[in-house]
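>>> just need the structure, nothing else, for what follows:
(one chain, ligands or ions: 1)
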Amino acid sequence: MGMPRGPEWGHFKVLKQNKTGTSKVVCLHGDHEFWGGASRMGYYFLGNNKETGGLQLCKPKNEDEKQKVAKLVKQLRQLEAEALALSSRCNT
Ligand SMILES: [Zn+2]
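Purely as a prediction, here's the structure:
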């Protein structure tokens, strides 16, 4: 049940989980905590959605972490592009 977990989950530590499936997570790259699910985690790195509910973007704590985040963003964008290509194929 639930959404499949994407690569973004590997960049957080889950602190708490409530009954609706929302998790309180802490980002491993910058110690930033927030509540959310997979989609908010994606927005946290990509920042490409209006419905972030005031969610800040990831602020990596050093150069090393910054590079890891950049790599993840690239990976997420690729997955996004693939999903888009797949859905447009289904609509034709
Ligand atoms: Zn972060």
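
>>> drop to CA atoms for contacts and neighbour counts, all remaining ones
Will do.

>>> how about residue 15, phi and psi?
phi -90, psi -40 (degrees, to the nearest 10).

>>> hmm, it is touching residue 28, no?
No - Residue 15 is beyond contact range of residue 28, at 11.8 Å (criterion: C-alpha atoms under 8 Å).

>>> around the ion, which positions in the chain sit nearby?
With C-alpha under 5 Å from the ion as the criterion, the chain meets the ion at residues 27, 29-30, 58.

>>> out of those, which are buried?
Buried by 16 or more other C-alpha atoms under 10 Å: 27, 29, 58, out of these.

>>> dump those residues into a markdown table; add secondary structure, distance to residue 77 and pLDDT as well.
Listed next are those as a markdown table, based on DSSP: H, G, I helix; E, B strand; the rest coil; distance: C-alpha to C-alpha, whole Å; pLDDT from 0 to 100:
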| residue | secondary structure | distance to residue 77 | pLDDT |
| --- | --- | --- | --- |
| 27 | strand | 19 | 97 |
| 29 | coil | 19 | 97 |
| 58 | coil | 16 | 94 |
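
>>> of these, closest to the ion?
Set against the ion, the nearest of these by C-alpha to the ion is residue 58 (3.7 Å).

>>> biggest helix in the chain, by residue count?
When the chain is parsed with DSSP state H, its longest helix is helix 63-91.

>>> check the offset of that helix from the chain's centre.
Remark: helix 63-91 is offset 10 Å from the chain centroid, using C-alpha atoms, centre = their mean, to the nearest Å.
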